[in-house]
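S.K.: coordinates for the following, if possible.
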Amino acid sequence: MKMNPLGRTGMTVSEICLGTMTFGEQNTEAEGHAQMDRATEAGVNFFDTAELYPTNPTRAETQGRTEEIIGSWLKKRGTRDDIIIASKVSGNGNDWIRGGEDISREAIARALDLNLKRLGVDHIDLYQLHWPNRGSYHFRKNWTFDASGQAKGRKMLEDLLDTLRGLDDAVKAGKIRAYGVSNDSAWGIMQLIRIAEDNGLPRVASVQNEYNLLCRHFDLDLAEVAHHEDVGLLAYSPLAAGILTGKYQNGAIPKDSRRARVENLGGRWTPQAEAATGAYLEVARKHGLDPAQMALAFCMTRPFMTSTIIGATSLEQLETCLGSVDVTLTDEVMKDIDAARRDHPMPI
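M.R.: Below is the predicted model of the structure:
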């Protein structure tokens with residue numbers, strides 16, 4: 001398992017990160033423990049979670065359960081020092097999480113103590129802002145995104161400064177080692193870097209955004225930021241919620257699959273996505289590759305990739321994902337992937 005630097009933090013993380021958002025909803029505690037056992041056995045040292053999790057669906061009754069399952073595993077295995085733990089503070093929009101409040105200095109203090117309690121640890125290695133207060137173009141909002149509705153000037157910058165002061169408090173208290181963002185933009189990351197430099201505050205280490213063969217917004221401005229500022233990508237949904245495995249083609253909805261719970265897969269499942277997936281499946285067939293492993297291996301070829309976050313609901317699926325580190329994509333495969341993309345440039 002290749003290890004990559006986590007920004008400028010001095011920490012190194014495995015090229016595959018175990019995503020855990022199914023723990024406590026689609027997966028039991030025992031199944032979650034089994035996944036963590038197998039992942040660490042394969043060389044994974046990086047787990048990603050959030051105070052919001054589990055998902056599919058998100059609901060007040062289960063909120064925080066994923067962190068508790070990771071915490072019980074850490075206590076049982078006694079391996080805290082071997083694992084880089086990434087968690088998140090939620091932004092506005094979910095009334096059952098601290099009244100749906102914005103991220104702020106005070107909100108971070110309240111949320112972080114609850115994160116730590118559920119995880120049963122004294123610090124979190126990477127604490128991420130789940131989405132910016134000003135809004136985001138992620139989760140298919142790119143089709144209607146309009147930044148002109150955001151507050152301008154001092155108000156927006158004061159909001160970011162307040163958040164950074166909260167993260168600085170947490171670093172100084174030893175409760176977090178570093179912080180990252182999620183569902184953010186090039187503008188947001190560059191403002192955080194500038195404000196941190198001007199005020200002697202912590203520097204953003206990473207950005208967790210969606211990235212897969214069907215969704216490649218990161219290839220442009222954000223890739224440039226990642227290159228120049230060492231703010232690498234932690235890619236979520238690298239299989240586009242399972243679409244790129246091919247299991248949903250031709251109207252299929254496998255029992256207990258994510259699509260059986262959320263039919264449109266967060267707006268990802270469209271005729272255009274199905275057509276594009278068909279093209280990528282053909283590339284995989286042509287070259288004798290497992291389509292899921294090809295999709296994951298592609299993510300790991302990207303120069304801006306710090307870690308690719310995999311998710312599974314079974315050990316069989318997990319084995320497939322872990323096996324992607326042994327897949328090498330030839331020039332011919334990459335050429336065919338590029339051709340498929342040009343035929344299906346923006347399917348979701």
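
S.K.: where's Lys105 relative to Ala50, distance?
M.R.: Careful, residue 105 is Arg; it's not Lys. Distance of Arg105 to Ala50, given as C-beta to C-beta, to the nearest Å: 19 Å. All C-beta atoms are positioned from the backbone trio N, CA, C, and that covers glycine.

S.K.: neighbour count for the two, which is higher?
M.R.: Ranked by neighbour count (other C-beta atoms under 10 Å), Arg105 and Ala50 place Ala50 first, with 25 against 16.

S.K.: just the pLDDT at that one, thanks.
M.R.: Note on Ala50: pLDDT of 98.

S.K.: how about stretch 275-284: buried residues?
M.R.: Ala276, Thr277, Ala279, Tyr280, Leu281, Val283, Ala284 (16 or more other C-beta atoms under 10 Å).

S.K.: pLDDT at the fifth one, what is it?
M.R.: Read that as Leu281. pLDDT, Leu281: 98.

S.K.: ok, now the second one?
M.R.: Thr277 carries a pLDDT value of 98.

S.K.: and the average pLDDT for the longest helix seen in the chain is what?
M.R.: Identified as the longest helix of the chain according to DSSP state H is helix 154-172. Summarised as a single mean, pLDDT over helix 154-172 is 96.

S.K.: for the residue nearest to the spatial centre of the chain, phi and psi?
M.R.: Closest to where the C-alpha atoms of the chain average out (C-alpha atoms, centre = their mean) is Tyr236, at 3.5 Å. Main-chain dihedrals, Tyr236, degrees, to the nearest 10: phi -100, psi 160.

S.K.: that one and Ile309 touch, don't they?
M.R.: Yes: between Tyr236 and Ile309 a contact is recorded at 4.9 Å, counting by C-beta atoms under 8 Å.

S.K.: overlap of the contact sets of these two?
M.R.: Gly19, Asp48, Gln208 (C-beta atoms under 8 Å, 6 or more residues apart in numbering).

S.K.: same for the helix or strand hosting Thr320, what does it pack against?
M.R.: Using DSSP states H and E, Thr320 sits in helix 315-322. Here helix 315-322 touches helix 29-41, helix 291-301, strand 305-310, going by 3 or more C-beta pairs under 8 Å, 6 or more residues apart in numbering; DSSP states H and E.

S.K.: now those in JSON lines, with mean neighbour count and mean pLDDT?
M.R.: Converted to JSON lines, the helices and strands packed on helix 315-322 look like this (neighbours: other C-beta atoms under 10 Å; pLDDT from 0 to 100):
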{"stretch": "helix 29-41", "mean neighbour count": "18", "mean pLDDT": "98"}
{"stretch": "helix 291-301", "mean neighbour count": "22", "mean pLDDT": "98"}
{"stretch": "strand 305-310", "mean neighbour count": "26", "mean pLDDT": "98"}
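
S.K.: what helix or strand is the residue nearest to Pro254 when sequence neighbours are not counted on?
M.R.: In space, and not counting its chain neighbours, Pro254 is closest to Lys247: 5.7 Å by C-beta to C-beta, 6 or more residues apart in numbering. Lys247 belongs to no helix or strand when elements are defined using DSSP H and E.

S.K.: what packs against whatever helix or strand Val13 lives in?
M.R.: If you go by DSSP H and E, Val13 is part of strand 12-14. Packing partners of strand 12-14 (3+ C-beta pairs under 8 Å, 6+ apart): strand 3-5, strand 305-310.

S.K.: contact partners of the last one?
M.R.: Contact with strand 305-310 is made by 4-7, 13-19, 46, 48, 206, 208, 211, 232-239, 296, 299-300, 318, 321-322, as judged by C-beta under 8 Å, 6+ apart.

S.K.: contacting residues for Val283?
M.R.: Leu289, Met294, Val333, Asp336, Ile337, Ala340.

S.K.: please report how far it lies from Arg118.
M.R.: 42 Å.
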